[in-house]
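[1] starting from these lines, generate the structure:
(chains A and B)
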Amino acid sequence: MRTLFSNLTLLLVFSLILPVSAQSKDKKKAAPYFTAKNLDGKKVELEELLGDGPVLISFWATWCKPCIKELNQLQKVYKKYKKEGFEILAVDVDGPRSRSKVKPMVKGLKWEFPVLWDKTKNVYRKYHVLGIPHTVLIDNSGEIRYTHTTYRPGDEEVIKKKIEELLDEQKQASQEKEGEEKSEE
Amino acid sequence: MNRSKLHRKKREKRRVRSKIVLFHFVLTLFFSLALITHSSFAQDFDFSETDAGEISASNQLEYSLNRKTHQDIFHDWFDVTWTSGVYSLGLRYEAHQPDDWGRTRQELSYRYFDLSGEFLRLTVGNYYVMFGRGLMFRSYENRDLRHDNNLEGIKGTIDLDGFDLTLLGGTPRGKYERVNDPVHGADGRIAVVDWMTVGGSYLRTNITDFGFVRLFGGNAELSFPNVDLYGEYARKDNPPGRFIEKDGNGIYLSSNIYYTGIGVSLEYKDYERFEFTNRDVTYNNPPSLSKEHLYTLLNRHAYVLNLSDEKGYQVQATSTPYEGLSLSANYSYTTDQHDKLVFSEIYGETEYDYRELATIKGAFSRMEDKTGEGSPYYLAPVFDLTYYLSGQNSVEFVLEHLWTSKYDEKLTYYDQIISLGLSHSPIVSLTFTHERTTEWKTRDWSGKKTWFIAALDLALGERHNLTLSVGSRRAGKVCSGGVCTDRPALDGWEIKLLSQF
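    Below is the predicted model of the structure:
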């Protein structure tokens, strides 16, 4: 019981301190940059994708039933917002046992977004993921704007709203920038 | 033990320790020189990016209390990382009261310093690694399995376009303590042409009271339009004159054929005297080629990998003939080296989205396990219906049924799970699960015949997830990647809190 209480106290302290230090109102949480290889063996860098629009990272594996359900729904979201600069990175955390099933599954289920290998779970640990499916939505300046663990039917509706908010923000920011540039001229 | 023996052991330990230090020193020197002398490597790390850095952390807490025995079990993992430019520092604090082996344990199980550039990465401290497809070596963490064989030492990786190389040295974490016999290894890969990559790995360790064990292997990957081929061979050399007279070997082959809307994978395995262990640590974890299930009853009888003596194959096909309908089929077959059946499974699954109103899923599995008591075979149909009440509200009904036949059908019984879940996305879901068995009819039975548990899953903001379960749950296997652990029964309440900071 003593261990439980000491750990709960530790948890409470960190729950209070860390959000204050790492996520104050002025400073949003920056998404850790990473490089991973896609299914064709080409390197994909998160940093390079940011700027065009929001990026959604979804951690998944072939044996994870809710992950497949979520990614099937996210494929529809991807189709809808892809033209506006939205990108999905499906980070696969399959172990050696199921790794060979990844590519046939991706093609079989007609997912069009990039799928990345994370064979030793480096990216997984960088994002402190504790269970899959885990979703992280990053804005075009590289800040984490939404995270979510597990999948319940309808979660994609919340994600859609968040993406639309980010795209609106992005449009507004570019309009403001254009306005500033014109006024300078 | 006499004094000279003790002295000899101490001297041996000192020798091993000094070897580790020397190896780490050489590795560090190698990477330091590479960094300083090679201009592209030197440019790889942009030290000017350094700022105050970013702290992130997570915590996983699990607590259960048995209402009858009043025994409580507590597990906690707390991870914290500080990242600033190319540097990162991290540590994990773990507490178990008791752990799965009955001991109370609190420790800093994982701590590291990492220097990461575009092409180079150097880790000092704890790390995970996998060579090829895990045939020779895989250190990984799986909290559900209570598995963590991280290495403590040093690892350097060069990752260029078309070439990567990993050099490592360290001691692996065992169930009870760190195994003090260091492992040294190298793993590399080079793209010969656009469509072909070849690689090789080497690993060796000096096992106390046994001798040097060496593993070496090669792999090749070929990618053509709509077809991928992969092959890996590894050989394990045992020290001469030991009770394992012959050396071991492992072969893994896989091919993928895919086209938009359909994908097929074919795999083959052949493992003979290939178990690479030191005390309670297993170093290799190759593909087991059996279907990994998530439904409770199907997963309860999952196949456990036997690296000493098995071969077999697996075929899996996934297809989406039209939007809303997906089909999947899997067949796996494992024998021993004398072609005697060990395990086989045939599995089929259909999922259909009906006008965004409902998702209907049906699955069926037939498993035959010749290693189990009475050579059982299992028949398991599953029905899963999700009905969408509105955009964010849904109801899910799952029926799992498992017939078990043993001793040439002289003994049959069934297990059944019915589960009903109500969900309001993304905040809350409530699931009621009922399980019953008729196994008590087949033998003396003093245990429970039915189990009922209610689980409330609650998202507390974006960063905390709480699951509270009350009731009883049957003990059973939890399996992943051919590795299984026994999950204890629950008769009381359980809390699981996942937090990210």
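
[2] by contact count, what packs against the longest helix seen in chain A?
    Across chain A, the longest stretch assigned as helix under DSSP state H is helix A:155-184. Packing partners of helix A:155-184 (3 or more C-beta pairs under 8 Å, 6 or more residues apart in numbering or on different chains; DSSP states H and E): helix A:65-81, strand A:134-138, strand A:144-149. For every residue, glycine as well, the C-beta is placed using N, CA and C.

[3] and the ones you listed as CSV, adding mean neighbour count and mean pLDDT?
    As requested, those are exported to CSV (neighbours: other C-beta atoms under 10 Å in any protein chain shown; pLDDT from 0 to 100):
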stretch, mean neighbour count, mean pLDDT
helix A:65-81, 19, 91
strand A:134-138, 24, 94
strand A:144-149, 20, 90
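
[4] now B:Phe284: closest residue in space that isn't a chain neighbour?
    Actually, residue B:284 is Asn rather than Phe. B:Phe276 (4.6 Å; C-beta to C-beta, 6 or more residues apart in numbering or on different chains).

[5] contacts only, for the one you found.
    By C-beta atoms under 8 Å, 6 or more residues apart in numbering or on different chains, the contact set of B:Phe276 is B:Met136, B:Phe137, B:Val213, B:Leu215, B:Lys236, B:Gly248, B:Thr282, B:Tyr283, B:Asn284, B:Leu307.

[6] ok, now how distant is it from B:Arg92?
    If you measure B:Phe276 against B:Arg92 using C-beta to C-beta, to the nearest Å, the figure is 25 Å.

[7] and if you look at B:Arg355?
    Distance, B:Arg355 to B:Arg92, using C-beta to C-beta: 47 Å.

[8] what about the longest helix of chain A, distance to the chain center?
    Using C-alpha atoms, centre = their mean, to the nearest Å, the mean C-alpha position of helix A:155-184 is found 18 Å from that of the whole chain.

[9] in chain B, which residue sits nearest chain A?
    In chain B, no residue comes nearer to chain A than B:Gly263, which is 2.6 Å away by C-beta to the nearest C-beta.

[10] isn't B:Ala52 right up against B:Thr83?
    No - between B:Ala52 and B:Thr83 there is no contact under C-beta atoms under 8 Å: 10.7 Å.

[11] which residue of the two possesses the greater neighbour count?
    B:Thr83 (19 against 7; other C-beta atoms under 10 Å in any protein chain shown).

[12] show me what contacts the more buried one?
    Contacts of B:Thr83 by C-beta under 8 Å, 6+ apart are A:Pro32, B:Gly53, B:Glu54, B:Ser56.

[13] B:Val80 is in contact with the third one, correct?
    No - in this structure B:Glu54 lies outside contact range of B:Val80 using C-beta under 8 Å: 11.4 Å.

[14] can you tell me the residue of chain A closest to chain B?
    Counting by C-beta to the nearest C-beta, chain A gets nearest chain B through A:Pro104, at 2.6 Å.

[15] would that residue count as being in a strand?
    No - under DSSP: H, G, I helix; E, B strand; the rest coil, A:Pro104 sits outside any strand and is assigned helix.

[16] low-confidence ranges, the chain, go.
    All of this refers to chain A. A:1-28 (pLDDT under 70).

[17] my bad, the chain I had in mind was chain B
    B:1-51, B:241-245, B:480-483.

[18] let's see that with 50 instead.
    B:1, B:17-18, B:20-50 (pLDDT under 50).

[19] B:Leu305: how many residues sit nearby?
    By other C-beta under 10 Å, the residues close to B:Leu305 number 25.

[20] let me redo that: B:Ile73
    Counted with other C-beta under 10 Å, residues neighbouring B:Ile73 total 17.

[21] can you check B:Ser64 too?
    By other C-beta under 10 Å, neighbour count at B:Ser64 equals 19.

[22] hey, what's it bridged with?
    B:Ile73, B:Glu494 (DSSP bridges).

[23] ok, it touching B:Gly492?
    Yes - look at B:Ser64 against B:Gly492 with C-beta under 8 Å: they come within range, at 6.6 Å.

[24] within range of chain A, give me the residues from the stretch 251-400 of chain B.
    With the criterion set to C-beta under 8 Å from any C-beta of the partner chain, the stretch 251-400 of chain B comes near chain A through B:254, B:256-265, B:267, B:285-289, B:292-294, B:316-320, B:326, B:328, B:359, B:386, B:388, B:390-394, B:396.

[25] now the stretch 101-250 of chain B
    Residues of the stretch 101-250 of chain B lying near chain A by C-beta under 8 Å from any C-beta: B:104, B:106, B:118, B:128-130, B:133-135, B:138, B:140-141, B:161, B:191, B:197, B:223, B:228, B:230.

[26] try it again at 6 Å.
    By C-beta under 6 Å from any C-beta of the partner chain, the residues of the stretch 101-250 of chain B that approach chain A are B:Tyr128, B:Val129, B:Met130, B:Arg133, B:Gly134.

[27] any idea how far the nearest residue to B:Arg300 once chain neighbours are set aside lies from B:Asp457?
    With C-beta to C-beta, 6+ apart as the criterion, B:Arg300 has its nearest non-adjacent residue at 4.8 Å, and that residue is B:Gly476. Look at B:Gly476 and B:Asp457: by C-beta to C-beta, they are 20 Å apart.

[28] then B:Tyr387?
    According to C-beta to C-beta, B:Tyr387 and B:Asp457 sit 19 Å apart.
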